[in-house]
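[1] next one to model:
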Amino acid sequence: MPTSLTNDQRARLVEFLEPSRIVMVATIGRDGMPQVTPNWYFFDGDRVAISTTKDRMKYRNLSRDPRMTVCIASEPMAGDYVTMSGPVAIDEDDSIWPTTRSIISRYLPAERVDGMIEGMHAEGRVILWLTPEKVTFRS
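    Have a look, this model is predicted:
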């Protein structure tokens, strides 16, 4: 799905999302209530990638209703943040591993990345790709 980001939004996102922050992921639960979880992420310039497993609630929610909102804030005061909402595509095959590596490499020292990924192979991993349709900056 093509991104709807403007060049200005893309440039602001690339700059703001470069540090290894935590993304708060909101999906819609079966009962209509939001379900929110913290995650690691990777931004490829157009979309946000999040790794999860098939046994997580967010995966089940997105399999039923593929809409997601995320919020990523600066630390420690959360004075600056961005929210993004849009549809999610789910990759469930072996194509996920380069993206998984990109996510893990943002948060762990290089010497720990291979061991972490090796352990993830048996977990039923997927990549959630959020294509932002609505982006809101607060700074």
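[2] now do the strands in this protein.
    23-28, 34-39, 42-43, 48-53, 67-73, 81-91, 125-130, 134-138 (DSSP state E).
[3] got those strands as JSON lines, with mean pLDDT, distance to Pro109 and mean neighbour count columns?
    The way it works is simple: take the backbone N, C-alpha and C, and place the C-beta from them, glycine included. JSON lines is the format used below for the strands of the chain (pLDDT from 0 to 100; distance: least, C-beta to C-beta, whole Å; neighbours: other C-beta atoms under 10 Å):
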{"stretch": "strand 23-28", "mean pLDDT": "98", "distance to Pro109": "21", "mean neighbour count": "21"}
{"stretch": "strand 34-39", "mean pLDDT": "96", "distance to Pro109": "19", "mean neighbour count": "13"}
{"stretch": "strand 42-43", "mean pLDDT": "95", "distance to Pro109": "17", "mean neighbour count": "22"}
{"stretch": "strand 48-53", "mean pLDDT": "97", "distance to Pro109": "18", "mean neighbour count": "20"}
{"stretch": "strand 67-73", "mean pLDDT": "97", "distance to Pro109": "22", "mean neighbour count": "20"}
{"stretch": "strand 81-91", "mean pLDDT": "96", "distance to Pro109": "26", "mean neighbour count": "18"}
{"stretch": "strand 125-130", "mean pLDDT": "97", "distance to Pro109": "21", "mean neighbour count": "22"}
{"stretch": "strand 134-138", "mean pLDDT": "92", "distance to Pro109": "31", "mean neighbour count": "13"}
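[4] I'd like those as a markdown table, with distance to Pro98 appended.
    Listed next are the strands of the chain as a markdown table, based on distance: least, C-beta to C-beta, whole Å:
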| stretch | distance to Pro98 |
| --- | --- |
| strand 23-28 | 19 |
| strand 34-39 | 18 |
| strand 42-43 | 10 |
| strand 48-53 | 10 |
| strand 67-73 | 21 |
| strand 81-91 | 11 |
| strand 125-130 | 10 |
| strand 134-138 | 25 |
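[5] for the spatially most central residue of the chain, which non-adjacent residue is closest in space?
    The centroid of the chain falls nearest to Ile50 when counting by C-alpha atoms, centre = their mean (3.4 Å). Take Ile50 and drop its neighbours on the chain: the residue closest to it by C-beta to C-beta, 6 or more residues apart in numbering is Leu128, 4.5 Å away.
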